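Asker: Generate coordinates for the sequence data below:
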Amino acid sequence: MQSQIFINLAVSNLEKSMAFYTAMGFSNNPQFSDESGKCMVWNESIFVMILTHDKFKNFTSKPIADTKNNIAALLSLSVKSVEKVNEIVDNAVKVGGVEPTPFKDYGFMQQRSVEDFDGHMWEIFYMDMSKFPTEQAQ
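Answerer: Numbers count the residues shown, from 1 in each chain. Model (predicted):
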C-alpha cells in the first residue's frame, strides 16, 4: 500500500467547511464520514479530515488552536498549472474563503493562498522546475 497523508482539521461548522473543500476540488468519501467528521479526498494519497471540535478533542489532550487569529500550519498543495491555481483559489473565495495575501510569482513557482472559515491556511502553487534558477559555475 502506498503511503498516504491524512490532515485532521478542527472546524466550527462541518457542512459549511465541506462546501468550502468541495469548491476547492476535494471530493467526499462517505465511507469515512459521519455527522461529526468528513473525509475530503484530494487524490489517492492526500486526505483532509474535517472534524467538529468535539470529535477532534478525542485525538488530543492539547487545546484546539485559534487558527482565526494564530497560524498553526501552512498547508500546501501543488497543481499542474497556474490556471488550476487560480481556479481553486477563485472557487474557494466564491464560497466564503479569504485570500489573505496577493498572488506571488517567484519565476519558477506561482502561488496563491486561501483560508477556510476557521483560518486554516492553504497555499496552492504551480512549480515549473525548468525555470528553477541554477548557480553559475565560477
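
Asker: so Gly96 touches Ser17, yeah?
Answerer: No. In this structure Gly96 lies outside contact range of Ser17 using C-beta atoms under 8 Å: 10.1 Å. Just so you know, the C-beta spots here come from the backbone N, C-alpha and C atoms, and that holds for glycine as well.

Asker: Which of those two has more residues huddled nearby?
Answerer: Taking neighbours as other C-beta atoms under 10 Å, Gly96 and Ser17 compare with Ser17 leading, 23 against 12.

Asker: helix/strand/coil for the residue positioned nearest the centre of the chain?
Answerer: Centroid check for the chain by C-alpha atoms, centre = their mean gives Trp122 as the closest residue, at 4.2 Å. Trp122 carries the three-state label strand when classified by DSSP: H, G, I helix; E, B strand; the rest coil.

Asker: list the contacts for it?
Answerer: Met24, Leu75, Ser76, Leu77, Ala92, Ser113, Val114, Glu115, Asp116 (C-beta atoms under 8 Å, 6 or more residues apart in numbering).

Asker: Which residues does the fourth one form beta bridges with?
Answerer: When assigned by DSSP bridges, Leu77 has beta-bridge partners Ile124.

Asker: pretty sure it is touching Ile46, no?
Answerer: Yes. Counting by C-beta under 8 Å, Leu77 does reach Ile46; the two are 7.5 Å apart.

Asker: Could you give the number of residues near the residue nearest to Ile5 when sequence neighbours are not counted?
Answerer: Ranked by C-beta to C-beta, 6 or more residues apart in numbering and with sequence neighbours excluded, the top spatial neighbour of Ile5 is Ile46, at 5.6 Å. Using other C-beta under 10 Å, Ile46 has 15 other residues around it.

Asker: do you know how far Ile46 is from Pro133?
Answerer: Using C-beta to C-beta, to the nearest Å, one gets 28 Å for the distance from Ile46 to Pro133.

Asker: swap in Val41?
Answerer: 35 Å.

Asker: Looking at those two, which is more packed in?
Answerer: Val41 (16 against 8).
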